[in-house]
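Engineer: From the sequence below, what's the structure:
(5 chains, ligands or ions: 4)
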Amino acid sequence: MQLQTMAAEKLSPAAPPADAAIAIDDVTLRFVTPDGHMMTAIRDFTMTVARGEFACVVGPTGCGKSTTLNLVTGLLRPTTGNVRVMGNPVTDISRDIGFVFQADALFPWRSVIDNVAAGPLFRGTPKKEAYDKARDWIGRVGLSRFEKHYPHQLSGGMRKRAALAQTFINQPKILLMDEPFSALDMQTRTAMQDELLGLWSGLKSSVVFVTHDLEEAVALADKVYVLTAGPGTVKSVYRIDLPRPRVMADIRYDPKFIEIAKVIWSDLREEVQLGQSRGLQTGH
Amino acid sequence: MQLQTMAAEKLSPAAPPADAAIAIDDVTLRFVTPDGHMMTAIRDFTMTVARGEFACVVGPTGCGKSTTLNLVTGLLRPTTGNVRVMGNPVTDISRDIGFVFQADALFPWRSVIDNVAAGPLFRGTPKKEAYDKARDWIGRVGLSRFEKHYPHQLSGGMRKRAALAQTFINQPKILLMDEPFSALDMQTRTAMQDELLGLWSGLKSSVVFVTHDLEEAVALADKVYVLTAGPGTVKSVYRIDLPRPRVMADIRYDPKFIEIAKVIWSDLREEVQLGQSRGLQTGH
Amino acid sequence: DKITIIVGGMEKQIYLPAVLTQQLGYFKDEGLDVELVNSRAGVEAENELLAGAVQGVVGFYDHTVDLQSKGKYIQSIVQFSQAPGEVELVSAKHPEIKSPADFKGATLGVTGLGSSTDFLTQYLAVRGGLKPGDYTLLPVGAGNTFIAAVKQDQIQAGMTTEPTIAKLLQTGEAKVLVDMRTPEKTKAALGGDYPAASFYVQSSWIEGHKDEAQKLANAFVKTMKFIAGHSAEEIADKMPKDYYAGSKDLYVQGLAGGKAMFTPDGRMPADGPQTVLKVLSTFSKSLQGKQIDLSKTYTTEFVDAAK
Amino acid sequence: MTAISPTDQAAARATSIVAAEAQARARLRKRHALVIGLRLAILVVFLGLWELCADYNIIDPFFFSSPSGIWEQIWSWITEGTSQGPLWLQIYVTLEETFLGFVIGAVGGIVAGIILGRNKLLADVFSIYIKIANSVPRVVLGSVFIIALGLGMASKVALAVVMVFFVVFANAFQGVREADRAMIANAQILGASPMQITTSVIIPSAMSWILASLHVSFGFALVGAVVGEFLGAKQGMGLLISTAQGAFNANGVFAAMIILAVMALVVEFIITRFENYVVKWRPAPFNEQGA
Amino acid sequence: MTAISPTDQAAARATSIVAAEAQARARLRKRHALVIGLRLAILVVFLGLWELCADYNIIDPFFFSSPSGIWEQIWSWITEGTSQGPLWLQIYVTLEETFLGFVIGAVGGIVAGIILGRNKLLADVFSIYIKIANSVPRVVLGSVFIIALGLGMASKVALAVVMVFFVVFANAFQGVREADRAMIANAQILGASPMQITTSVIIPSAMSWILASLHVSFGFALVGAVVGEFLGAKQGMGLLISTAQGAFNANGVFAAMIILAVMALVVEFIITRFENYVVKWRPAPFNEQGA
Ligand SMILES: Nc1ncnc2c1ncn2[C@@H]1O[C@H](COP(=O)(O)OP(=O)(O)OP(=O)(O)O)[C@@H](O)[C@H]1O
Ligand SMILES: Nc1ncnc2c1ncn2[C@@H]1O[C@H](COP(=O)(O)OP(=O)(O)OP(=O)(O)O)[C@@H](O)[C@H]1O
Ligand SMILES: [Mg+2]
Ligand SMILES: [Mg+2]
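Structural biologist: Ligands and ions are numbered 1, 2, ... in the order given. Predicted structure coming up:
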């Protein structure tokens, strides 16, 4: 399969350069399954995110996207291969990273503002400053009226927004996000995407963003990784050359955008169908 | 605001008839907030789902969609007003209902197959039959290879699919679903939607389906409820007259579909923007 | 400075002189600051004494013998009683037991294995012509548990002290088989005086504290004289109410029956130590093959000097 | 058709909502009264039966006392004092020992539980020794303490400590191990140091474990202190019991136990207050929330 | 540019994966050896210090015994039997009482905990009485049991029961209350009866609470049985201790305690096995998983 369009350039996954922000080099990770066998979650996985680059990862469910992020944070260790962040091998859970978990990881015993202020407080910011910052970020994600609420008193989408504020407030140089916007309505999602792009361009962070929404991926990314159905590996990588700054509300109607999305979509669909024929039997 | 299109008929929320599958009549629900005040989650809420009807609920995040479903199951009690299911007031948590929770509610100590077989086993189905059925449903959601896995060994999307199988296997007459497909990739989601429609038309169930994806709502529903930003109440109700059976892969390209979606979208956007101007401050 | 004395059960009548001295104010009269500490487990008391945490113990004399066999020297300086104050009771359900000779096949209650009641019971049985193994010993403690054991027929006979004796006699659930509350009856049962309750201290302590030892002896001897010169009723009146809260009559009755066991002057009866050694060495494993110097287990030096 | 957007009936509604909420509050009050009533009823029935059984000699009051006898005893202790001095002094002494033992044992248990819970190697190496220590009979330990620490307060406190420590340790340890791994990971990524993880994630999530153990272990501390006094003491409730037992004063034994129970209840009340304060973030069970 | 789809290097990879996994296993084995080594080292150092202190009379072996003395005592009990009969019989008797008491107390605690945990009214009414009962000194209870149940096995079992019950109850109760409300709701909606909710949701989620209490409470059961024997018995380790104490035989006292510790460890091992079996569904902490 060879293609080359003006905007989406398909790249070959090559061995990562030493100075990349994130470099996953030929990693295989296997889990022990309940019946005692080994199950390969991702295999021969190579991925590079340059400094300041925005990478999106798409792929069928269960293909290893979250596993990949966990490898970068150091929450999981590769069985073979190695993972480097900012040039250093990942040995422990890193503090330089921001990670929005796929599932909820707010502290249930802290109110929204205490949750959001947690990062600065952990990092030694004075209390007042931390809370001022937290209040600012809570405003940005639209939870000002819910500052004092505990997580269990929020709706699913509100919890997700609180988690976003909690991560963004640390202004991480490396930002990993696992389906962060899937619980949000379209409008809020667009606002959050703008917020994210603003943060990213301001900080020149490197971002890995996992999503099921291909349009979202294309709209946000410099580079889109398409993974194969599990055991996941990189199927193809696309460079998205849409001009920046991008405005989320409008970019979807850009003809270039639509063209790119179509190309990647056909590539992805193939993979998903493969995954389905392997896993899904048709129901009725 | 008055409009009437061929396919999307806007209805006025009237007092529910006695024989409705679900009848929420003028309900207000208030929570105690952390600072001891009362917060109204939904107010003056009226909603009717006829037997065999497929209703979708859309609305900005935090507007009270999950709360509404919880009222129907009996997990929450209205402060004022009343809720009837199949004509009877809701007094306890009902067994006739299927409920796919927004958050994960699988039993972590049971493997996928034990989780899926739980419903039939609880209801007294013989063991062998229950497991056969469970195996069938696990196949339909594409988890056959993961039967023996425990929930923590699944990816987010897989867990959601397991939860779907767990609910569908009971073939409930009333089916409540809270953003069930948001963690799935497009292809899997389409397959699940087909699965859901098949189940629904086979059983003539009544469905309330919460989603943030308006297209999904239009594609699936007989009736779409648009809620206002919190405190949530019904803003408008649309009847979707697209012909059935609908095929999910194709319906999106139906011009009627696109038209309806546009109409509801403009209605919803207004509301979401209102919610945002109230809650969200623009970030940067 | 302060002198701490452990009493192996302040409410027990056999140790009554300790609290009585306090109540009568005799310690104060001697210019002593004495503090009484209760400890029902005798071993605790001796251990404390040996560890040097307390200066004296009110307990059974036979411990001085036993401890000497383990290389620890303690000395009785005032002897409270010349009879054990123990009684072998026999359950009313078992009239066939008329003397220790009938113990064959019976279960006999003792307070604890290795305690004085254990040795005395076995000694009685041996004097009755039995061999160890003809009977079973059951440690049942004293007080309520002893009574319960009799009631439930878990023991057919058993050795105990006041006020358990009085209580069981009063309800008629048991009768006296062997009485060792008076010197005469003890002599009959054991073949000699059996010094029991006494005040003892570590031998090494005496060296540096002759003065205190003397004062303590003075106080105790005065109490012994008081006991000899007053009726059970009068003595009971001096005791704290809690000690006979169960029933004052019972207390007085028990005291009247057992008053005779107290020495009139705190002096060790001449043949007493010998009897104790005889009883102990018959049964106690730890004494077997050991040479005991009885003269190091007691001294009458201080009671002799007491005014 | 016309969309009838919800009209502003708010004012009219307000009254009905207020009424509904007042009703809910009234229900709560009624329930509270019911609970108190039932508790009292049980107490009265229990005491009544006991008294009757004692009066008709179905149970022997010589052994098992009777409520009236117990009350007389308590009254006489209050008015005339005990043989060891005024009653409040006995209570104070025991309470002091218990409290010290409770605090030391609980803090020790929590600290040890957290350290071992956080460090797998330490846990693997040391937990076996903690298990061993826990199988030592406390009564024997009591004598060892008395030899080592003397007959003063120290030995009673030590005994209370060893009663409390193991229960609290076991729960704190398990509570730490149960702490949600995603939450710990999140804190770590947010920049928490190991110490901060302990204070802001581990301790809050182990809190309900620790509190559960505190509930039961105050009673244990009391037991430890009393047993210590039983083995040898100048003052305290344990000595009161021991004397009463020696004097066949069942009333005294039971009266002392009742006083101990009241002491335990008072402290229990305080712990519950503390618990409600600490875990106020907790969601109410479904159906207990809303107004 | 050409998309280089991952070539089939699987065969070449396989070896390196196998090697990596073998390495991981070797690490595990090494760690296990380290743990055992450290445990032994601690034991040896502890015993060595004890022996030395005893030999040089830094601690008085008359009170605190010494490892060599203890060993001699155990050996003589094994070879010559104890004064009450063969050693194994004493162990058997105590173990039987302990085990009965443990099972009854644990089952009772779990059942009571679940019932009260599931029913708020019952909990509100009765938990206060459970608190009261828990503050009763076990030693006093011991004599009450002997009076009520006699000197046989029953009174020791009862004492072990009351040692175990409260700890298990407290944890089972709290464990039930901590069960995830969403999970309970889900089960209810899936059609579970209250009984089924109890067995399939409440008990599994309270399991780690219950297990934590079982760990600590077997030791307590042992303590209860021994204290019971202490107060009056024909056989058993408690009597052995009491006799040794009465004879100022510190070696005997400590030897018996060591035997008790070994008993506790054996049972602990069994409980841990059971625990690993029951909670095998549990996620490993991050970083301990993967190969
Ligand atoms: N602890 C574990 N033990 C065994 N298998 C695991 C474990 N964790 C994940 N897996 C498996 O690894 C594979 C990849 O999981 P992962 O969570 O990375 O998927 P994902 O791409 O994030 O999917 P989704 O889009 O559904 O979130 C899945 O097949 C899953 O079953
Ligand atoms: N236990 C509670 N205490 C207080 N407020 C609550 C509680 N539960 C929910 N709320 C509030 O009720 C409102 C509605 O919540 P709900 O979960 O129904 O929203 P939702 O429409 O499902 O949103 P989402 O799309 O984000 O899931 C929110 O404002 C939330 O903060
Ligand atoms: Mg994932
Ligand atoms: Mg929701």
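
Engineer: If you count residues, where's the longest helix of chain D?
Structural biologist: helix D:10-55 (DSSP state H).

Engineer: Check for me that residue C:252 belongs to a helix.
Structural biologist: Yes: under DSSP: H, G, I helix; E, B strand; the rest coil, residue C:252 sits within a helix.

Engineer: Now for residue A:172: which residues touch it?
Structural biologist: A:96, A:97, A:98, A:203, A:205 (CB atoms under 8 Å, 6 or more residues apart in numbering or on different chains). Using the backbone N, CA and C atoms, a C-beta is placed for each residue, glycine as well.

Engineer: give me the number of residues near residue 144?
Structural biologist: In the absence of a named chain, chain A is used. 17 (other CB atoms under 10 Å in any protein chain shown).

Engineer: You answered for a different chain; I wanted chain C.
Structural biologist: Counted with other CB under 10 Å, residue C:144 comes out at 22.

Engineer: Could you do residue C:204 as well?
Structural biologist: Residue C:204 - counted by other CB under 10 Å - has 12 other residues nearby.

Engineer: Now do the SS call for it.
Structural biologist: Residue C:204 - assigned by three-state DSSP - is helix.

Engineer: how about the nearest residue to it once chain neighbours are set aside, what does it touch?
Structural biologist: When the adjacent residues along the chain are set aside, residue C:204 lies closest to residue C:73, with 7.2 Å between them (CB to CB, 6 or more residues apart in numbering or on different chains). Residues in contact with residue C:73, defined by CB under 8 Å, 6+ apart, are C:67, C:202, C:203, C:204, C:296.

Engineer: Dump the helix or strand bottoming out on mean pLDDT in chain C to PDB, restricted to CA.
Structural biologist: Each helix and strand of chain C was given a mean pLDDT (mean pLDDT, DSSP states H and E); the minimum falls on helix C:42-51 at a mean of 78. Taking Å, rounded to 0.1, in the frame of the first residue of the first chain, the C-alpha atoms of helix C:42-51 are listed here in PDB:
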ATOM      1  CA  GLY C  42       2.000 -15.500  93.400                       C
ATOM      2  CA  VAL C  43       4.700 -16.000  90.800                       C
ATOM      3  CA  GLU C  44       4.300 -12.400  89.600                       C
ATOM      4  CA  ALA C  45       5.000 -11.200  93.200                       C
ATOM      5  CA  GLU C  46       8.200 -13.300  93.600                       C
ATOM      6  CA  ASN C  47       9.500 -12.300  90.200                       C
ATOM      7  CA  GLU C  48       9.000  -8.700  91.100                       C
ATOM      8  CA  LEU C  49      10.800  -9.200  94.400                       C
ATOM      9  CA  LEU C  50      13.700 -10.900  92.700                       C
ATOM     10  CA  ALA C  51      13.800  -8.200  90.000                       C
END
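
Engineer: and the next helix or strand after it, which strands flank it?
Structural biologist: Later in the chain than helix C:42-51, the nearest helix or strand by DSSP states H and E is strand C:56-60. Paired neighbours of strand C:56-60 in the sheet (DSSP bridges): strand C:2-7 (parallel), strand C:197-202 (antiparallel).

Engineer: Looking at these, which is nearest to residue C:38?
Structural biologist: Closest approach to residue C:38 among the strands paired with strand C:56-60 (CB to CB): strand C:2-7, 5.9 Å.

Engineer: which element follows the closest one toward the C-terminus?
Structural biologist: Scanning onward from strand C:2-7 (DSSP H and E), the first element met is helix C:16-24.

Engineer: What's the mean pLDDT across that next one?
Structural biologist: Mean pLDDT, helix C:16-24: 89.

Engineer: and it, does that touch chain D?
Structural biologist: No: counting by CB under 8 Å from any CB of the partner chain, chain D has no neighbours in helix C:16-24; the shortest distance is 8.7 Å.

Engineer: how near is the nearest residue to residue C:191 once chain neighbours are set aside to residue C:121?
Structural biologist: Nearest residue to residue C:191 in three dimensions, chain neighbours excluded: residue C:275, at 6.8 Å (CB to CB, 6+ apart). Per CB to CB, to the nearest Å, residue C:275 is found 15 Å from residue C:121.

Engineer: And for residue A:242?
Structural biologist: Plainly put, residue A:242 is 103 Å away from residue C:121 if you go by CB to CB.

Engineer: Just say helix, strand or coil for the residue of chain D found nearest ligand 3.
Structural biologist: Per CB to the ion, residue D:182 is where chain D lies closest to ligand 3, at 12.5 Å. What three-state DSSP gives for residue D:182 is helix.
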